[in-house]
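*Asks:* Here is a sequence with its predicted model. Questions after.
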Amino acid sequence: RGSGCARPCAAVPASFRRAPGGRTAGGTRGSGLRCWRPRPICRPRCGRRGADVRDIAGTGDRTGRLVTLAPVTDANWRAVADLAPHDEQRRFVAALGARYLLLSLREEVWTSLAVDAAGRTVGHVMWAYDADEDAHWIGGMLVDAAEQGRGVGRAALTLLLDDLAADPGCREIRLSVHPGNTAATRLYTTLGFLPTGLVEDDETVLAWTPPA
């Protein structure tokens, strides 16, 4: 699942995974970006659990801008597709947001959301629900290079965690991160993610449990 702030969440080495604990299916992934093939039982658009495809508002970043999550639409998909991390982050995240959009569209498992700050698209994040594991997953976290270092990634993840956790059926939210992505690991840890002891390919699986 990847993220891409200077950034904490990121990643997209090179392998789409079939499903949590499943075999690699070929494609791309990212710091916390597990990409598994669609199975009717866990397609978020079909009886899915968690955040609806709608605007999720809003909290501030470190500069005071209002950060919101919004559906990817005809009006903003180009801005999402053009998002790009710093060059050195490309071993952890997709080189362009377009890769995550294609994954959401073609696999029909992930739900992509635009991350907006003060009304402008500055990032991307996506989520999915895995019925086999009864767990939500977060991935594809990417903040444009020009927008990093302002707390956008933290604000976006906080919004998504709160929104997914509002579902009474939400038991656990997971993501995976490459051991070398220390910025992402630090962010996830400060948000309350803990190691599960599981490893997916070369990434450590972390989990966040909604407050009782």
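*Replies:* Received it, and whenever you're ready, just let me know what you need. These figures come from a predicted structure and were not determined experimentally.
*Asks:* Tell me how many other residues surround Gly149.
*Replies:* 15 (other C-beta atoms under 10 Å). Using the backbone N, CA and C atoms, a C-beta is placed for each residue, glycine as well.
*Asks:* In three-state terms, label it for me.
*Replies:* Following DSSP: H, G, I helix; E, B strand; the rest coil, Gly149 is assigned to coil.
*Asks:* can you give me the strands for the chain?
*Replies:* For the chain, strands defined by DSSP state E occupy the ranges 56-60, 66-71, 111-117, 120-130, 135-143, 173-177, 194-200, 203-208.
*Asks:* May I have the fourth one as PDB, with CA atoms only?
*Replies:* These are the backbone C-alpha positions of strand 120-130, laid out as PDB (Å, rounded to 0.1, in the frame of the first residue of the first chain):
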ATOM      1  CA  ARG A 120      -6.500  21.800  -4.500                       C
ATOM      2  CA  THR A 121      -5.600  18.100  -5.200                       C
ATOM      3  CA  VAL A 122      -2.200  17.300  -3.600                       C
ATOM      4  CA  GLY A 123      -2.300  13.600  -2.900                       C
ATOM      5  CA  HIS A 124      -4.000  10.200  -3.300                       C
ATOM      6  CA  VAL A 125      -4.900   7.400  -0.900                       C
ATOM      7  CA  MET A 126      -7.000   4.300  -1.400                       C
ATOM      8  CA  TRP A 127      -8.700   1.600   0.800                       C
ATOM      9  CA  ALA A 128     -10.200  -1.800   0.500                       C
ATOM     10  CA  TYR A 129     -11.900  -4.400   2.600                       C
ATOM     11  CA  ASP A 130     -10.700  -8.100   2.700                       C
END
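*Asks:* got the buried residues for it?
*Replies:* Residues of strand 120-130 classed as buried by neighbour count (16 or more other C-beta atoms under 10 Å): Thr121, Val122, Gly123, His124, Val125, Met126, Trp127, Ala128, Tyr129, Asp130.
*Asks:* could I get the residues you listed as TSV with distance to Glu200 and pLDDT?
*Replies:* Output for those, formatted as TSV (distance: C-beta to C-beta, whole Å; pLDDT from 0 to 100):
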residue	distance to Glu200	pLDDT
Thr121	29	98
Val122	28	98
Gly123	23	97
His124	21	98
Val125	19	97
Met126	17	96
Trp127	17	96
Ala128	14	96
Tyr129	17	95
Asp130	12	93
